[in-house]
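Colleague: sequence-free structure coming up:
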């Protein structure tokens, strides 16, 4: 069974640009969660998508958005990039059910110059 | 409010020595508890999880953790550390209902010396 696939692995952007990150969850998993990891703030929850609907959202500005497609693949978008958006963005595939387990991808490393 | 505390930022142990990484949580009820490991530049790999039942849980790579309700702790242990265990370790708590998001501790970086 394939794991969680995140693309691209690395991105370099400049301030003001926008970026789109992609995540393909484990086959059969219908929910995806996104996290931002930085040295200063650690791992912070961004949002969760289930069946193409955002079900849960963390405390991030509206510049951070996402979506999910009918095949459960998810994208997150960051508009008007700021230097502080430089981070490792991790996608988690949720097994679902009451005893949910999150399986993480390798992440996308975003550098904003 | 839920929170996770990993009091040790960095731990150094000798190869072959035993290891214990501390984790304390604050949560309104008994949460679901997890330990993940992250190698440099990589994502998070699940080591073990606790949902209910036996308070001593076994995980992959020879790790185990013990849930102690009275101490709000979920410490990770390994009897004999290998050089390949050098990585960052994260404790996390998850809600028992509703949302699929985890609250993570700040992590403990493990260095293994020969």
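Modeller: Noted; the coordinates are in hand. As the structure is a computational prediction, the values presented were derived from the model and not from experiment. Residues are numbered from 1 along each chain as shown, chains lettered A, B, ... in the order given.
Colleague: ok, residue B:109 - contacts?
Modeller: Contacts for residue B:109 (C-beta atoms under 8 Å, 6 or more residues apart in numbering or on different chains) come out as B:9, B:10, B:11, B:87, B:88, B:89. Where C-beta positions appear, they are placed from N, C-alpha and C, glycine not excepted.
Colleague: any idea how many residues pack against the fourth one?
Modeller: By other C-beta atoms under 10 Å in any protein chain shown, 19 other residues sit near residue B:87.
Colleague: and stretch A:51-59 with chain B, contact?
Modeller: Yes: Stretch A:51-59 is in contact with chain B by C-beta under 8 Å from any C-beta of the partner chain, via A:55, A:56, A:58.
Colleague: how about that stretch: buried residues?
Modeller: Across stretch A:51-59, burial judged by 16 or more other C-beta atoms under 10 Å in any protein chain shown covers A:55, A:56, A:58.
Colleague: could you give the mean pLDDT of that stretch?
Modeller: For stretch A:51-59, mean pLDDT rounds to 93.
Colleague: residues making contact with it?
Modeller: Against stretch A:51-59 from outside (C-beta under 8 Å, 6+ apart): A:30-31, A:33, A:44-49, A:66-70, B:98-101.
Colleague: go on, stretch A:7-20?
Modeller: By C-beta under 8 Å, 6+ apart, stretch A:7-20 touches A:21-22, A:75-83, A:106-113.
Colleague: out of those residues, which are inside strands?
Modeller: Taking DSSP state E, the ones among the contacts of stretch A:7-20 that sit in strands are A:21, A:22, A:75, A:76, A:77, A:78, A:108, A:109, A:110, A:111, A:112.
Colleague: restrict the residues you listed to those near chain B?
Modeller: residue A:109.
Colleague: quick check: residue A:87 touching residue A:37?
Modeller: Yes: between residue A:87 and residue A:37 a contact is recorded at 5.9 Å, counting by C-beta atoms under 8 Å.
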